[in-house]
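Student: Test case, fold it:
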Amino acid sequence: MPSAGHAALLAEVVELRAKSEQLGRALATRAVIDQARGMVMVLAPCSSERAWDLLVCVSQNCNIKLRDVATALVATTEDETLPEQIRRELRRALRRLHAADRG
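Tutor: This is a model prediction of the structure:
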């Protein structure tokens, strides 16, 4: 029968592994979001902050996670088609951005 100290150590190891996996996923997600942000900066053109806001807006208006919007946008560099809902909302967001710059 394991001691209380052994059980506590085992619980800590399990927790640390879970946190490590979560951080790994966050880093991978962050990379694709940063790539999408760069694409928006070229398309718009706009600052990094405005590109972030635009991606967040598209995500919220489509009710699609930001990482999934970013993944779909980055996939277009490999000849993937941007889903219609995201394409439509991205177009709207870009128009709003350009209108705000003119106004």
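Student: any idea how far E84 lies from L16?
Tutor: Distance of E84 to L16, computed by CB to CB, to the nearest Å: 42 Å. Where you see a C-beta, it was placed from the backbone N, CA and C, and this is true even at glycine.
Student: how about T29, what does it touch?
Tutor: Applying CB atoms under 8 Å, 6 or more residues apart in numbering, we find T29 in contact with 67, 70.
Student: what about 7 Å?
Tutor: Listed by CB atoms under 7 Å, 6 or more residues apart in numbering, the contact set of T29 reads R67.
Student: Okay, and it sits in which element?
Tutor: Assigned by DSSP states H and E, T29 falls within helix 4-43.
Student: what about that helix, average pLDDT?
Tutor: Average pLDDT, helix 4-43: 86.
Student: in it, what counts as buried?
Tutor: Within helix 4-43, the residues scored as buried using 16 or more other CB atoms under 10 Å are 29, 32-33, 36-37, 39-41.
Student: So which residues make contact with the next helix or strand after that helix?
Tutor: Later in the chain than helix 4-43, the nearest helix or strand by DSSP H and E is helix 48-62. Taking contacts as CB under 7 Å, 6+ apart, the residues outside helix 48-62 that touch it are 36-37, 40-41, 44, 65-66, 69-70, 85-86, 89-90, 93, 97.
Student: Show me which positions of the helix or strand following helix 48-62 end up buried.
Tutor: Using DSSP H and E, the next helix or strand after helix 48-62 towards the C-terminus is helix 66-75. Buried positions in helix 66-75, judged by neighbour count with 16+ other CB under 10 Å: 66-67, 69-74.
Student: now the angle from helix 66-75 to helix 48-62?
Tutor: Between the axis of helix 66-75 and that of helix 48-62 there is an angle of 110 degrees, by axes from the mean of the first three to the mean of the last three CA atoms, to 10 degrees.
Student: average pLDDT for helix 66-75?
Tutor: Averaging pLDDT along helix 66-75 gives 97.
Student: how far is it from where the chain is centred?
Tutor: The chain centroid and the centroid of helix 66-75 are separated by 7 Å under CA atoms, centre = their mean, to the nearest Å.
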